[in-house]
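Peer 1: Sequence plus predicted model, see below.
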Amino acid sequence: MWLICPIAGVGKRLQPFTYSKPKAFLKIAGKRLIDHILIKLKNSFPKGTDVCFIVGYKKRQITEYLKETHSDYFNLHFVEQKPLGYEADTPFFSGLGDAILLAKEFAKNDDCFVFLSDRLPMEDYSQMLLMFHQDICDGIINVRQVDNPEYYGVIESDESGVVRSIVEKPKKAKSNYAVSGAYLFGLSITPRLFELLEEQSKIPLENGQEHTITPVIQHLIEEGFKFKINEMKREILDFGRPESLLAGNRLLLSETKIQDPTYEKLIQSGNIIDSKIVPPVYLGKEIKIIDSVIGPNVSIGDKVVLKKCILSDCVIGDGANLKKIISSESIIGDYSILEDLIKKSITIGDSSYITTSNMKSY
């Protein structure tokens, strides 16, 4: 079985963080998002499994990092998706359908499992794979019940879980089963899947349109191929927007097992001085916290300095330096410097400098 991960997109909804890195490289609870996802896959797929990443934006950064950190377990392959054009030096691409098509030469004669780089299930994919191997069907679509199905691809299925239809972001959804970041296509279906994706790729796009996977799956259903749903019982974290990133951070921190929950070693080493840590909090390597109250639900990257800060529900990137900051529900980029600021919901990208005083401390 081939694993396919489209990871070419810019992640506009997560700008300004994605100006300097792909959205899958955002660091939460001590790991990059792509690391969290690949760890889940390692729990479901054997060592030596082939993974094809469809890269585009920040392709060199992605390729080098994944080769360095995950080539010991997976057989990694990379295919570039060329942008359709540029808007203010930012590339835009033709969609998920065209991205999957680029894996054709690898996966057209095999089962293939497609996963998205901004969706992280709190459970692994074992149940999805078990269902595929035990049931007589051509494919499995991962779903979860949501309150706002109009923002997702929506599945309508019968009582046995067989998919009747799939519609992308319908105005009036017929069910609340939303597609949740993973598709499994069996060998019986992959040759036809890639044929339809190729036909779709030739249709001209206008006004920001994209070639998605949803109409292709609907076409396969109408041709008689059998898809079933796999309903995930636990949360599936969507990291496509800042607010959902913070919600995901809270859930990941709630399940993170910390070796030193009282932070006694950091206190004894002098890295935490006259400060209070309110769990759950993740503290990176080589951090310094002075005269501060940190937590709950704060992820702090490596080599961060916090002085006279009160922070809760925040994600702080590597190398950040914060002094006299009171904030909650904020995301601070890598190597940013903030000073003398009381504000909720701060959202700044990497290497930013913000101060409300004339002090030149750094």
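Peer 2: Thanks, I have it.
Peer 1: drop to CA atoms for contacts and neighbour counts, all remaining ones
Peer 2: Noted.
Peer 1: where does residue 69 land in three-state SS?
Peer 2: Three-state call for residue 69 (DSSP: H, G, I helix; E, B strand; the rest coil): helix.
Peer 1: can you pull the contacts of it?
Peer 2: Residues near residue 69 by Cα atoms under 8 Å, 6 or more residues apart in numbering: none.
Peer 1: That one and residue 1, how far apart?
Peer 2: Separation of residue 69 from residue 1 (Cα to Cα, to the nearest Å) stands at 22 Å.
Peer 1: got it, and residue 346?
Peer 2: 43 Å.
Peer 1: of the two, who's got more company?
Peer 2: residue 1 (17 against 14; other Cα atoms under 10 Å).
Peer 1: surely that one meets residue 109?
Peer 2: No: contact status for residue 1 versus residue 109: not in contact, 9.7 Å apart, counting by Cα atoms under 8 Å.
Peer 1: looking at the protein, which helix or strand does the model trust least?
Peer 2: Least confident helix or strand, the chain: strand 236-238 with a mean of 78, by mean pLDDT, DSSP states H and E.
Peer 1: Neighbouring strands of that strand in the sheet, and parallel or not?
Peer 2: strand 119-121 (antiparallel) (DSSP bridges).
Peer 1: where exactly do the helices run in the protein?
Peer 2: For the chain, applying DSSP state H gives helices covering 33-42, 59-70, 96-101, 104-107, 126-134, 190-201, 214-222, 242-255, 264-269.
Peer 1: Out of these, which is closest to residue 155?
Peer 2: helix 214-222 (10.0 Å; Cα to Cα).
Peer 1: what's the angle from the closest one to helix 190-201?
Peer 2: Interaxial angle, helix 214-222 versus helix 190-201 (axes from the mean of the first three to the mean of the last three Cα atoms, to 10 degrees): 130 degrees.
Peer 1: what about residue 169, neighbour count?
Peer 2: So residue 169, with other Cα under 10 Å, has 16 neighbours.
Peer 1: mind listing what it touches?
Peer 2: Counting by Cα under 8 Å, 6+ apart, residue 169 touches 149, 150, 151, 152, 153, 154.
Peer 1: and of the residues you listed, the nearest to residue 48?
Peer 2: residue 153 (31.7 Å).
Peer 1: And the protein, what are its domain boundaries?
Peer 2: In terms of domains, the chain is parsed into 2-250, 258-355 (source: automatic domain parsing).
Peer 1: Residue 40 is in contact with residue 115, isn't it?
Peer 2: No: Residue 40 lies out of contact with residue 115 (Cα under 8 Å); the separation is 11.2 Å.
Peer 1: These two: who's more crowded?
Peer 2: residue 115 (21 against 18).
Peer 1: ok, now which ones touch the more buried one?
Peer 2: The contact partners of residue 115, taken as Cα under 8 Å, 6+ apart, are 3, 4, 5, 6, 181, 182, 183.
Peer 1: Over to residue 205?
Peer 2: 94, 211 are the contacts of residue 205 under Cα under 8 Å, 6+ apart.
Peer 1: Read off the pLDDT value for the residue nearest the centre of the chain.
Peer 2: Nearest to the mean C-alpha position of the chain, counting by Cα atoms, centre = their mean, stands residue 118 at 2.1 Å. Listed pLDDT for residue 118 reads 83.
Peer 1: likewise residue 292?
Peer 2: 96.
Peer 1: Just to check, residue 329 is in contact with residue 316?
Peer 2: No: Residue 329 lies out of contact with residue 316 (Cα under 8 Å); the separation is 10.8 Å.
Peer 1: For those two, indicate the residue with more neighbours.
Peer 2: The residue with more neighbours, out of residue 329 and residue 316, is residue 316; 27 against 20, by other Cα under 10 Å.
Peer 1: ok, that one touching residue 335?
Peer 2: No: look at residue 316 against residue 335 with Cα under 8 Å: they stay out of range, at 9.5 Å.
Peer 1: avg pLDDT for the lengthiest strand in the chain?
Peer 2: The longest strand of the chain (DSSP state E) is strand 321-332. Mean pLDDT, strand 321-332: 95.
Peer 1: quick revisit: list the contacts of the residue nearest to the centre of the chain.
Peer 2: When contacts are counted by Cα under 8 Å, 6+ apart, residue 118 is found next to 23, 24, 33, 34, 238, 239, 240.
Peer 1: Now it. Its backbone dihedrals?
Peer 2: phi -120, psi 20 (degrees, to the nearest 10).
Peer 1: ok, how many other residues are close to the residue nearest to it when sequence neighbours are not counted?
Peer 2: Leaving out its chain neighbours, the residue that sits closest to residue 118 by Cα to Cα, 6 or more residues apart in numbering is residue 239, at 5.1 Å. Residues near residue 239, counting by other Cα under 10 Å, number 24.
Peer 1: contacting residues around residue 239?
Peer 2: 118, 119, 120, 245, 248.
Peer 1: Select from these the one having the most neighbours.
Peer 2: In those, the most neighbours by other Cα under 10 Å go to residue 120, 24 neighbours.
Peer 1: thought it was touching residue 37?
Peer 2: Yes: look at residue 120 against residue 37 with Cα under 8 Å: they come within range, at 5.8 Å.
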